[in-house]
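Asks: have a look at this prediction, sequence included:
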Amino acid sequence: MQSKQTQSIRRLTTAGVLAAAIVLLTTIVSIPMPGGFGYINLGDMGVLLAGMLLGGGWGALCAGAASALSDVLLGYTIYAPATFIIKGLVALVAGLLFARTQKKIRFASLYLAALIVPAGYFCYELLLYGAATAIPNIIFNTIQCMIGAVVATVVGVMLLKTKLFTRENAALPICAEILREPKNGPDVILLASRAQSELILKAGDMLSVQGIMARIVALDDNGAFDRLSAMQRENFLPNGKPFVRVEDSDTTPKAVMLAAVEAIGK
């Protein structure tokens, strides 16, 4: 079982890794645009992944700060303030849309968010240099952000198949956790507060002896699921799947096991 402190440490660690990746992708592969007004890079891939993996708020801060730092390191300090806002907004929109979009089309949200890049830099360069410079750069910025979105999609699909990607995306508060997931999927789902995690784990063991596989879900509090979107809640408790939610602090593993068997039989 993971505490909130452990979850925060994991999120901070993920943010640090993504920030470093954004800086490296931006600075190592940087191609100056014609006239020296800005540069093309691969950092947008990391920016979009930050939105996906960290969620809107954390992703925005990580992406904005790392991208702005890259501008400073490459000598484009004049772009740093705009980059912080633009790339932060890209990650924010990507994270929010990805968490709230149906699975079949959610990667399309990355491409929509990526288009903030050419729009944002066009407005900024229009103020700095005028239309003669800002308009041609739209093409380069669009190509850059679309390449970043394509690569982020490929990497995102791969991460979805691993434990590195938390399906209950961090755009909303972390309030539930799958403690045990059967290899071939669950027959029933057992839910309880974190304080009763050991109880439902024992009930799950008793069910497995009978050949019944249970997903074990720990909740932070009674209103945990209310803070999740429908898609996020589906990751824990699919529609139509039998479940038992433990609310009685005096119940026993055997009672939970019998309730699960009854729920399956209905």
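Replies: Good, I have the coordinates.

Asks: who are the contact partners of I216?
Replies: Neighbouring residues of I216 by Cβ atoms under 8 Å, 6 or more residues apart in numbering: 178-180, 190, 197, 200-201, 204. Using the backbone N, CA and C atoms, a C-beta is placed for each residue, glycine as well.

Asks: and the most centrally placed residue in the chain, how far from V188?
Replies: The chain has L53 as the residue nearest its centroid, 2.9 Å off, counting by Cα atoms, centre = their mean. The gap separating L53 from V188 is 30 Å, by Cβ to Cβ, to the nearest Å.

Asks: in JSON lines, list the contacts of I216 along with pLDDT and distance to G95.
Replies: Shown next, in JSON lines, are the contacts of I216 (pLDDT from 0 to 100; distance: Cβ to Cβ, whole Å):
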{"residue": "I178", "pLDDT": "85", "distance to G95": "21"}
{"residue": "L179", "pLDDT": "88", "distance to G95": "25"}
{"residue": "R180", "pLDDT": "91", "distance to G95": "28"}
{"residue": "L190", "pLDDT": "95", "distance to G95": "30"}
{"residue": "S197", "pLDDT": "91", "distance to G95": "28"}
{"residue": "I200", "pLDDT": "94", "distance to G95": "31"}
{"residue": "L201", "pLDDT": "95", "distance to G95": "32"}
{"residue": "G204", "pLDDT": "94", "distance to G95": "32"}
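
Asks: before we move on, what SS does the closest residue to R215 other than its chain neighbours have?
Replies: Counting by Cβ to Cβ, 6 or more residues apart in numbering, R215 lies nearest to P186, which is 3.7 Å off, once chain neighbours are set aside. State at P186, reduced to three classes by DSSP: H, G, I helix; E, B strand; the rest coil: coil.

Asks: ok, back up a step: between the contacts of I216, which is nearest T251?
Replies: Comparing the contacts of I216 against T251 with Cβ to Cβ picks out I200 as the nearest, at 9.7 Å.

Asks: what about that closest one, how many residues nearby?
Replies: 29 (other Cβ atoms under 10 Å).

Asks: which ones among the contacts of I216 lie within strands?
Replies: 178-180, 190 (DSSP state E).

Asks: by neighbour count, which of these wins?
Replies: L190 (30 neighbours).

Asks: next up, the contacts around it.
Replies: L190 touches 200, 203-204, 214-217, 243-244, 246, 256, 260, counting by Cβ under 8 Å, 6+ apart.

Asks: just put those residues in a markdown table and tack on distance to G59.
Replies: What follows is the contacts of L190, written out as a markdown table (distance: Cβ to Cβ, whole Å):
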| residue | distance to G59 |
| --- | --- |
| I200 | 32 |
| A203 | 37 |
| G204 | 34 |
| A214 | 33 |
| R215 | 28 |
| I216 | 29 |
| V217 | 25 |
| F243 | 31 |
| V244 | 35 |
| V246 | 34 |
| V256 | 37 |
| A260 | 37 |
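
Asks: would you list every one of the helices in the stretch 151-266 of the chain?
Replies: 197-209, 230-236, 253-265 (DSSP state H, counting those that start in this stretch).

Asks: tell me which of those is the most buried.
Replies: helix 197-209 (a mean of 19; mean count of other Cβ atoms under 10 Å).

Asks: what is the burial count for the spatially closest residue to A108 that is not a sequence neighbour?
Replies: Closest residue to A108 apart from its sequence neighbours, by Cβ to Cβ, 6+ apart: T101 at 7.4 Å. The number of residues packed around T101, counting by other Cβ under 10 Å, is 16.

Asks: repeat for the one 4 residues further on
Replies: The burial count assigned to I105 is 8, neighbours taken as other Cβ under 10 Å.

Asks: what's across from P32 in the sheet?
Replies: Residues in a beta bridge with P32, per DSSP bridges, are Y39.

Asks: how confident was the prediction at it?
Replies: pLDDT recorded at P32 is 71.

Asks: kind regards, and thank you for your time.
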